[in-house]
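Peer 1: sequence and predicted structure, then a few things I'm wondering about:
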Amino acid sequence: MKIVKFETWWVRRDNCLFDEKRQGKSNMPWDVVVIKITTDNGIEGLSVAMAARSGAVTEAYLNDNIAPILMGRDPYDREAIWHELWNIDRHLGFFPVYLPGPVDVALWDIAAKAAGLPLYKYIGAYRNKLPVYASGLFHETVDQYVEEALYYKSLGINAYKAHPPGPVEMDMKIHQALRDAVGDDHVLLTDPVAEYSLDEAIKVGRHLEQLNYRWFEEPFRDFEVNKYKQLCAALDIPIAATETTRGCHWGVAQSIINNAADIVRADVSWKNGITGTLKIAHMAEAFGLRCEIHTTTINYMDIVNLHVSCAIRNCEYYEYFVPEDQFQFPTKGKLPIDSQGMITVPESPGVGAELDWELIEKQCVSYKIIEA
């Protein structure tokens, strides 16, 4: 097979996930760029890229820097293409963290479709379903967190992750209120996406241990490796890190060898696709660590995450970003979560998720095509 066509649709999403504190004064539309790669025998690989803050930037990188590398290539040469894109990144490409992962996803989609297999079986299946945890957005009040956790508990989802807004005192109130509300048997996690000092993080972590939280995620920036090392040494609760660590498995390795994470994070958008995420998961497994797959904020790509999670052993949960309506676009239908809080991987060839092409065309800002 040879790649003969590369198409992109920059699609307006009409949504911003962040409040003013996190958005800043710059414009932050949460758009997407849909990618289609077509081979000479007509197989299409599909993917969706984030286009946060500037769809024009994402579109330009894809068409100016990445598409020329793909045209005329065999889509099975994923590893060679993956490393070539890293070489371009180092030599002043400096791709956004959410590229070129989606391109790698489209290449895997082509290969799985050509084999007539669902993606997770093409990779190598370990299971076909996972328990989910509801992962909420930032809220203003303690009651909003409690109401959200109880709502998803009522749907049969037996785990909830808070993103408390800070400061530390507020976060601890939220942690306590959640445990009081959902009971001792409900799984709770927290991810403050914070800039805690080390002493604040230790204080919060010890409180979380008393409340029997499952893990404590991202209390610092991911590059603060020494702080993470000290925190991991001070606490018994597992510390989850590396969600935004650059450098794919090379970057995550620095946290592992410095004992600066008990759980590592990866996803197919921010960690260079399926290829990069598998490298991280397998490396973590070799060190006896879990690799908990992180949401991409886009349902289509989170289905890809599900395939990867079902092809590795060391992932315990599926991150279900809620409310789902915020993240469904541009995918048709809801995620396949049942009343017991389990999500089952699609069995059709490739990714197995359907894009809403009518909506994509309706809200398309720009369409570009490159043909061999």
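Peer 2: That came through fine.

Peer 1: count the residues that sit near residue 342.
Peer 2: Neighbour count of residue 342, defined by other Cβ atoms under 10 Å: 17. Every C-beta, even on glycine, is put in place using the N, C-alpha and C of the backbone.

Peer 1: got a list of what it touches?
Peer 2: Residues near residue 342 by Cβ atoms under 8 Å, 6 or more residues apart in numbering: 129, 130, 131, 132.

Peer 1: the last one against residue 340, yeah?
Peer 2: So that's residue 132. No: in this structure, residue 132 is not within contact of residue 340 by Cβ atoms under 8 Å, at 9.9 Å.

Peer 1: of the two, who's got more company?
Peer 2: Set side by side, residue 132 and residue 340 show unequal neighbour counts under other Cβ under 10 Å, the larger going to residue 132 at 24 against 12.

Peer 1: how close does the more buried one get to residue 354?
Peer 2: Applying Cβ to Cβ, to the nearest Å, the value for residue 132 to residue 354 is 20 Å.

Peer 1: residue 270 against residue 100, yeah?
Peer 2: No: between residue 270 and residue 100 no contact is recorded; they are 11.3 Å apart, counting by Cβ under 8 Å.

Peer 1: distance of residue 335 from residue 302?
Peer 2: To residue 302, residue 335 is 7 Å away according to Cβ to Cβ.

Peer 1: between those two, which one's more packed in?
Peer 2: Regarding residue 335 and residue 302, a neighbour count based on other Cβ under 10 Å identifies residue 302 as having more, with 27 against 19.

Peer 1: which other residues reach whichever strand or helix holds that one?
Peer 2: Using DSSP states H and E, residue 302 maps to helix 299-309. By Cβ under 8 Å, 6+ apart, the residues outside helix 299-309 that reach it are 46-48, 102, 105, 118-120, 123, 130, 267-269, 274, 277-278, 281, 293-296, 315, 318-319, 321, 324, 327-331, 335, 343, 345-346, 351-353, 355.

Peer 1: run the last query once more with 6 Å
Peer 2: Applying Cβ atoms under 6 Å, 6 or more residues apart in numbering, the set of residues contacting helix 299-309 from outside is 48, 105, 119-120, 130, 267-269, 274, 277, 293, 295-296, 315, 327-328, 331, 345, 351, 353.

Peer 1: in what helix or strand does residue 166 lie?
Peer 2: Using DSSP H and E, residue 166 sits in no helix or strand.

Peer 1: run a quick neighbour tally on it.
Peer 2: Count around residue 166 with other Cβ under 10 Å applied: 15.

Peer 1: pLDDT weak spots in this protein?
Peer 2: Counting by pLDDT under 70, the chain shows low-confidence ranges at 16-28.

Peer 1: tell me the domain boundaries of it?
Peer 2: Listed domain ranges for the chain are 3-116+354-371, 121-344 (source: the TED database).

Peer 1: now do the first one: distance from first to last residue.
Peer 2: To tie it back to what came earlier, the one meant is domain 3-116+354-371. 9 Å (Cα to Cα, to the nearest Å).

Peer 1: same thing with stretch 122-138?
Peer 2: Start-to-end span of stretch 122-138 (Cα to Cα) is 37 Å.

Peer 1: buried set for it?
Peer 2: Of the residues in stretch 122-138, 122-123, 128-138 count as buried by neighbour count, 16 or more other Cβ atoms under 10 Å.
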